[in-house]
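Student: Okay, structure incoming, though there's no sequence with it:
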């Protein structure tokens, strides 16, 4: 049934004032409260003919810079936040009541209780400023629109500056930027980055990004939360250095033992050569000379392998084609393997894309594994043994695989596989090849996996997580390492 206009006017005139979910009072020019609704009375008590500053603020005189008086002066409506009794917060709306001549004769003051909202805002503000992380809000242009104290203290003033300028002192957006991904898909993303603090020191941090407001297709702002892991990184480096120093004693002892054995061979060769000269026996001289040559080769090989193992350096990563590395290894060993009756083949490697790798380091790893596989085939009694090298990329991981059907390894050999100076090649090996390979792989953030069965052969797999390779690659760029863009263009494909 339609409501008549007269009835609606009556309801507005008699009921609406008290039905409004606000504290409402009508105030005259002398600060006196003329009329109030029931909600105002319930909250502030009886107020008719009392001054507004007495009722609301328990004051004996008008407030300084009273907003109500400003409305009486200029006739403008106002909206502002007001604190009452030092604990309650209200949003105040003031509307002028004018006479036919346009003069403001009274004002209507409407107070909305926002204490809970204000307290939550304060809690959020305190959390934002006091949390032990670096927090910023950035827009789609990567401009920082808000940052907390921790971020400003570490990286300097940052409002209205690009995040990559603040964190990394760079002039272009970062590669592998998690904020860019959050703007695209509206999801959370995490990455590890290296930046530079205001004092010029290197800062390592994990950054997590998330849309400021979730559930909207067009993400306008992203929150970045950075956790400083610099101390952890330093402790990690100190631990690695301590482990390196702890291994020195064992390494020196093993090295001394190996050199002693070689020197015994040198002494034996010298004796054979000297006695052959004295007795004018050419066969004895030839045998002594051969012993000297073989032991000199052993010394040279030992020193080269030891230096390679002992070098403490970060891999020099460049974007290269892994297929070209495999092709180089095949070309290097194919004729040697064929000459001794071993078939060297390559498995298909479709879908493998260029990746950040240290070409020299990976070349060393693959030559060590191929050389070991060929030696294992020579030690086997099988006819027509083969060595296979494969390459594949799946689940964000790059795999190099070297397999053979040679002699394989038993349990004891597997247990000693990565032990310093352990070798199954007798006088031909130094025991540092696999150790060096393992070290290079770990420097790339990868790992070596292997399976082997005595009499059947072995499979060695090097696995490199691609996201780790790109983190190392970006870190080398950010810290101004040996890498530069000209090198990347020049060596974009290592073949």
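Tutor: On my side now, so go ahead. What you see is a predicted model, and the numbers here were worked out from it, not measured in a lab.

Student: Show me which residues of stretch 46-61 are buried.
Tutor: 47, 51-57 (16 or more other CB atoms under 10 Å). C-beta: built from backbone N, CA, C; applies to glycine.

Student: er, stretch 21-35 actually
Tutor: Applying a neighbour-count criterion of 16+ other CB under 10 Å, the buried positions in stretch 21-35 are 22-27, 31-33.

Student: so where do the strands sit in the stretch 151-300 of the chain?
Tutor: Counting by DSSP state E, counting those that start in this stretch, the segments of the stretch 151-300 of the chain that form strands are 189-196, 202-211, 221-228.

Student: what's the closest of those strands to residue 367?
Tutor: Evaluated over those, closeness to residue 367 peaks at strand 189-196, with 31.4 Å, by CB to CB.

Student: Any buried residues in that closest one, and which?
Tutor: Of the residues in strand 189-196, those buried by neighbour count under the rule 16+ other CB under 10 Å are 189, 191-196.

Student: same thing with stretch 395-412?
Tutor: Neighbour-count burial for stretch 395-412 [16+ other CB under 10 Å]: 398-409.

Student: Ok, stretch 335-344 next?
Tutor: Along stretch 335-344, these residues count as buried under the neighbour rule (16+ other CB under 10 Å): 337, 342, 344.

Student: measure it end to end?
Tutor: Between the start and the finish of stretch 335-344 there is a gap of 9 Å, counting by CA to CA, to the nearest Å.

Student: And for that stretch, what's in contact with it?
Tutor: Defining contact as CB atoms under 8 Å, 6 or more residues apart in numbering, one finds that stretch 335-344 is touched by 330, 333-334, 370, 374, 377-378, 384-389.

Student: switch to 7 Å and redo it
Tutor: Residues outside stretch 335-344 that contact it (CB atoms under 7 Å, 6 or more residues apart in numbering): 330, 333-334, 374, 377-378, 384-387.

Student: mind checking how far it is from the chain centre?
Tutor: For stretch 335-344, the separation from the chain centroid amounts to 45 Å (computed by CA atoms, centre = their mean, to the nearest Å).

Student: Show me what residue 108 is bridged to.
Tutor: When bridges are taken as DSSP bridges, the partners of residue 108 come out as residue 26, residue 95.

Student: Would you mind confirming that it is in contact with residue 26?
Tutor: Yes - counting by CB atoms under 7 Å, residue 108 sits close enough to residue 26 to count as a contact (5.6 Å).

Student: quick revisit: return the closest of the contacts of stretch 335-344 with respect to residue 69.
Tutor: Among the contacts of stretch 335-344, residue 330 lies closest to residue 69 (CB to CB), at 91.5 Å.

Student: for the helix or strand where the closest one lies, which positions count as buried?
Tutor: Remark: residue 330 resides in helix 322-339, with elements defined by DSSP states H and E. When neighbours are counted by 16+ other CB under 10 Å, the buried residues of helix 322-339 are found to be 322-323, 325-326, 328-330, 333, 337.

Student: Each with direction, which strands does whichever helix or strand comes after that helix pair with?
Tutor: Note on helix 322-339: by DSSP H and E, the next helix or strand toward the C-terminus is strand 343-346. Paired neighbours of strand 343-346 in the sheet (DSSP bridges): strand 386-394 (parallel).

Student: Nothing else from me, thank you.
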